[in-house]
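*Asks:* need coordinates for the below:
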Amino acid sequence: MMAVASDSAKWVIDDIVSSLHYAEEVLSLVGIVCIGKVTLTAVWNLTSSFRVHVWSKLVPRNLKEEYGKWAVVTGATDGIGKGYVAALAKNGINIVLISRTHDKLVRVAREIREQYRIQTEIIQADFARGRPIYEDIGRHLVGKDIGILVNNVGVAGSNPCFFEEVSEDDIWALVNVNVASVPAMTKIVLPGMLARKKGAIINISSSAGVVPLPLFQLYSATKASITPWSTGCIKEVVLGGRYKTLIRPPCPTSSSTAGCAGEQDDLHVIPQNTQHFRLILDDDRDKVTVKPGVELVASEPGSLIPLVYH
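*Replies:* I've put the predicted structure just below:
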């Protein structure tokens with residue numbers, strides 16, 4: 001009996017050791033795969049970073065030829081919008097500036113023309129009014145070779161407050177500006193881009209659309225709506241050589257969001273946003289950190305729409 005028990009115990013131990021050897025081989029294979037993935041990801045990220053930060057500076061691109069002669073920027077006179085205007089103009093692209101304040105439009109358009117020697121046109125439009133403004137905007141854009149649209153316009157509301165204190169005017173202003181303006185402007189320019197088989201649309205949303213902000217709950221909700229709409233368009237629109245992108249910068253600094261982030265000098269805003277624009281056009285990784293608080297997400301080659309966050 002003792003011999004049988006000893007043989008049984010030995011058999012069990014041998015079986016366990018054999019199983020452990022098998023498990024060791026499986027875990028070794030898993031480790032090799034994981035290390036390979038980490039290595040390939042690191043090489044890919046380094047290669048992409050080199051291409052974005054070094055190679056893109058060494059090899060100039062003709063954005064006017066690649067995308068089109070004109071760009072349209074909404075909310076073009078302050079903050080992120082003004083930064084995009086400067087970045088696009090620096091690349092020789094003519095600009096249609098859209099904003100609600102005529103004096104600012106005239107001033108910024110004059111500055112851009114004088115500095116970069118490009119053509120500008122201005123359209124005064126208050127996006128808070130909603131649907132009635134788009135017929136006039138469409139008439140101004142007819143016949144233009146629009147290669148880039150920056151859907152930047154946005155408002156945060158009058159002041160930080162509890163929702164029961166939000167006015168009806170603010171509710172409809174935020175919905176009209178932050179939500180409706182994006183598909184409405186895209187509807188105007190997208191047919192021409194599809195016909196020419198080239199173009200880029202950049203939708204500015206907000207990190208507040210990902211992490212809800214108490215006292216800015218309506219702003220968070222309206223900015224969050226841009227993500228599923230933009231992602232849906234990504235799946236629909238696939239054209240060779242174009243990009244689609246989602247970007248999440250932190251709270252923007254412009255007159256529309258002064259209550260959220262405070263005022264900031266445009267001289268500080270423009271270079272940082274010029275960097276945003278260059279990365280959007282030059283990067284095709286799934287995700288890249290642009291700077292603290294800013295991500296380039298879901299960027300893919302072979303499609304039309306860069307989609308953004310402000």
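*Asks:* report pLDDT for Ile16.
*Replies:* Ile16 is assigned 67 on the pLDDT scale.
*Asks:* revised request: answer the last question for Val96.
*Replies:* If you check Val96, the pLDDT there is 97.
*Asks:* can you give me the strands in this protein?
*Replies:* Remark: strands assigned in the chain by DSSP state E are 70-74, 94-99, 120-124, 146-151, 200-203, 243-247, 287-291, 294-301.
*Asks:* helices or strands up against the fifth one?
*Replies:* I take that to be strand 200-203. strand 146-151, helix 181-196, helix 226-236, strand 243-247, helix 266-282 (3 or more CB pairs under 8 Å, 6 or more residues apart in numbering; DSSP states H and E). Just so you know, the C-beta spots here come from the backbone N, C-alpha and C atoms, and that holds for glycine as well.
*Asks:* among those, which one carries the weakest average confidence?
*Replies:* What stands lowest among the helices and strands packed on strand 200-203, in mean pLDDT terms, is helix 266-282, with a mean of 36.
*Asks:* pull the contacting residues for Val150.
*Replies:* Val150 makes contact with Ala71, Val72, Val73, Thr74, Gly81, Tyr84, Leu88, Ile202, Ile204, Val308, according to CB atoms under 8 Å, 6 or more residues apart in numbering.
*Asks:* now pLDDT and neighbour count too, for the residues you listed, in JSON lines please.
*Replies:* As requested, these are exported to JSON lines (pLDDT from 0 to 100; neighbours: other CB atoms under 10 Å):
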{"residue": "Ala71", "pLDDT": "95", "neighbour count": "32"}
{"residue": "Val72", "pLDDT": "96", "neighbour count": "26"}
{"residue": "Val73", "pLDDT": "96", "neighbour count": "28"}
{"residue": "Thr74", "pLDDT": "96", "neighbour count": "25"}
{"residue": "Gly81", "pLDDT": "91", "neighbour count": "29"}
{"residue": "Tyr84", "pLDDT": "91", "neighbour count": "28"}
{"residue": "Leu88", "pLDDT": "92", "neighbour count": "27"}
{"residue": "Ile202", "pLDDT": "87", "neighbour count": "27"}
{"residue": "Ile204", "pLDDT": "86", "neighbour count": "28"}
{"residue": "Val308", "pLDDT": "40", "neighbour count": "28"}
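*Asks:* closest to Gly154 out of these?
*Replies:* Nearest to Gly154 out of these is Ile204 (CB to CB; 6.6 Å).
*Asks:* domains in this structure, as residue ranges please.
*Replies:* 1-59, 63-301 (automatic domain parsing).
*Asks:* most packed of those?
*Replies:* domain 63-301 (a mean of 19; mean count of other CB atoms under 10 Å).
*Asks:* what about the chain, any weak spots by pLDDT?
*Replies:* Applying pLDDT under 70 to the chain flags residues 1-20, 237-310.
*Asks:* again, 50 this time
*Replies:* The chain contains residues with pLDDT under 50 at 4, 239-246, 251-310.
*Asks:* how far away is the residue lying closest to Gly138 once chain neighbours are set aside from Lys198?
*Replies:* Sequence neighbours aside, Ile188 is the residue nearest to Gly138 in space, at 5.0 Å (criterion: CB to CB, 6 or more residues apart in numbering). Here Ile188 is placed at a distance of 17 Å from Lys198 (CB to CB, to the nearest Å).
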